[in-house]
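Engineer: I need the structure of the sequence given here:
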Amino acid sequence: MNVALYLRVSTEQQIEKYGLDVQHEKLRSYCQARGWTHVTDYIDGGYSGSNLNRPALQQLIKDIQAKKIDLVLVYRLDRLSRSQRDTLSLIEELFLPHHVEFISLSETIDTQTPFGRAAIGILSTFAQLERENIKERLYTCHQKMVQEEGLWAGGAGTTPYGYTRLARGQLVVNESERHHVQRIFESYLELKSVAQVNKQLQAEGFKKLRYQRLSNILKSRLYLGEVSFAGEWHKGSHEALITEELFHAVQQARQETTNPNRMGPKNKTFTGLITCGHCGAVYKVYNRRITKADGEKAYESYYMCENRKLPKTNPQKCYNSRITREALEQQVMAQIKHLQQLNQKKYKTDLVAFKRKLKTIDQKTSKLIDLYTDGQLTKKTFQQKLNALTEQKQTLLQKISETEAKQKAPSAEENSTTLDSLVKHLIKNITIIDNTLDITWNN
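Structural biologist: Model prediction:
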């Protein structure tokens, strides 16, 4: 009998009456009393029972699947899991199919009996209830810490920049970072750019921070002396690092610089349609600020290969040409007009051919009627040939109708205000190779 002892405690349970030492002593004594000598320990110390993402448990699962285990023994059912679904899944989908017995010492559960399997479902429900009660108590505790005591309820392993975290979430100013935080807010008012702020402060001797961390600092009310819980901010017990005037001025500046319409709307007409002919990457639309000949400031949209625009995130920089939105639209419209001109010629040629065939069918029909009238054809033969000619005529009339409708469709010049619909209807893909557009048309 190969026996697996599974032991688990969460961080909060290390000092409880069923800590690791207690569990291990009880389980080993039980094995000794039953005469089981082939015993392996699987111990997860400091892991929650709310999920199965635990190293020792994962190893146990692998060993069961490899048929190395005959019986799993735990001190309490909730040591295996506090989730009813996970408990039943382990027993019904892992233990039983692999003929592995399961015993919970405290609840006297043995899955080899019908009563034992039924008890598993009942007790795992209570284990899950206890876990949810623990979550509720933690939630209430954190809420009280923030709202009544002004403490920071962030994770124990994290500390907001500019502060040092003491016991229970008390924040005190980190003097070596105080001035850096203040300069971040002050510099943003001058530069209106997170990237430029980082660059300037590095030149001033401050350490480099990640772009996202800088952005989060600029929008956090923590630096006003506040703490948050469940999306709401409350008066904190820590010292503020900036004034309300500076904070609100920065928020106003951020709103102005991040307004999606400040550079005009990005055109979505060609989104996902343009690829680079050199490296195969996607061409994306960007905006840039320009100065016109008369000195007026404006924004210009342009398309660029992603591997050229963002070389640091790609293995090899691309040097394919970029193209302004205006130039792209002009070239696309020119090719659409050319395509329509070719189609108009084709429609005209097709109509001439269709009408010529229609005339031939009418002549054959007239001749067929004459033959029948003269008694040279039986009624049956006449009807068969007439039906065939009629069917051909109907097909030709349908083709003529469709071609005439296409011929009368609005031209590109007439549709100049509906480029988006033209592109979606006509174009499958655009490949840019240097300054040339290679358009793949829809069938």
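Engineer: The stretch 251-400 of the chain: strands as residue ranges?
Structural biologist: For the stretch 251-400 of the chain, the strands defined by DSSP state E, counting those that start in this stretch occupy 274-276, 283-291, 297-305, 323-324.
Engineer: I'd like the mean pLDDT over the helix or strand containing R28, please.
Structural biologist: Following DSSP states H and E, one finds R28 within helix 20-34. Average pLDDT, helix 20-34: 88.
Engineer: helices or strands up against that helix?
Structural biologist: Here helix 20-34 touches strand 2-9, strand 38-45, strand 71-74, going by 3 or more C-beta pairs under 8 Å, 6 or more residues apart in numbering; DSSP states H and E. Just so you know, the C-beta spots here come from the backbone N, C-alpha and C atoms, and that holds for glycine as well.
Engineer: and those strands as a markdown table, adding mean pLDDT, mean neighbour count and distance to E175?
Structural biologist: Shown next, in a markdown table, are the helices and strands packed on helix 20-34 (pLDDT from 0 to 100; neighbours: other C-beta atoms under 10 Å; distance: least, C-beta to C-beta, whole Å):
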| stretch | mean pLDDT | mean neighbour count | distance to E175 |
| --- | --- | --- | --- |
| strand 2-9 | 94 | 22 | 39 |
| strand 38-45 | 93 | 16 | 37 |
| strand 71-74 | 93 | 23 | 50 |
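Engineer: how about CSV for the ones you listed, with distance to I433 added?
Structural biologist: Shown next, in CSV, are those (distance: least, C-beta to C-beta, whole Å):
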stretch, distance to I433
strand 2-9, 61
strand 38-45, 58
strand 71-74, 64
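Engineer: among the ones you listed, which is nearest K424?
Structural biologist: Nearest to K424 among the helices and strands packed on helix 20-34 is strand 38-45 (55.4 Å), distances taken as C-beta to C-beta.
Engineer: Name the next helix or strand following the closest one along the chain.
Structural biologist: helix 55-65.
Engineer: For that following helix, list every residue counted as buried.
Structural biologist: By neighbour count with 16 or more other C-beta atoms under 10 Å, helix 55-65 contains the buried residues A56, L57, L60, I61, D63, I64.
Engineer: circling back to that earlier point, compare the helices and strands packed on helix 20-34 and report which one is nearest to Q255.
Structural biologist: strand 38-45 (48.0 Å).
Engineer: what angle sits between the closest one and helix 55-65?
Structural biologist: Calculated by axes from the mean of the first three to the mean of the last three C-alpha atoms, to 10 degrees, strand 38-45 forms an angle of 150 degrees with helix 55-65.
Engineer: what's in contact with strand 38-45?
Structural biologist: If you take C-beta atoms under 8 Å, 6 or more residues apart in numbering as the criterion, strand 38-45 is touched by 1-9, 14, 20, 24, 28, 31, 54-57, 59-60, 63, 69.
Engineer: Take the strands of the stretch 251-400 of the chain and lay them out in CSV including mean neighbour count.
Structural biologist: As requested, the strands of the stretch 251-400 of the chain are exported to CSV (neighbours: other C-beta atoms under 10 Å):
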stretch, mean neighbour count
strand 274-276, 20
strand 283-291, 15
strand 297-305, 17
strand 323-324, 16
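Engineer: for the longest helix seen in the chain, packing partners?
Structural biologist: Taking DSSP state H as the criterion, the chain has its longest helix at helix 325-373. Helix 325-373 is packed against strand 297-305, helix 379-407, helix 419-426, strand 436-441, with contacts defined by 3+ C-beta pairs under 8 Å, 6+ apart.
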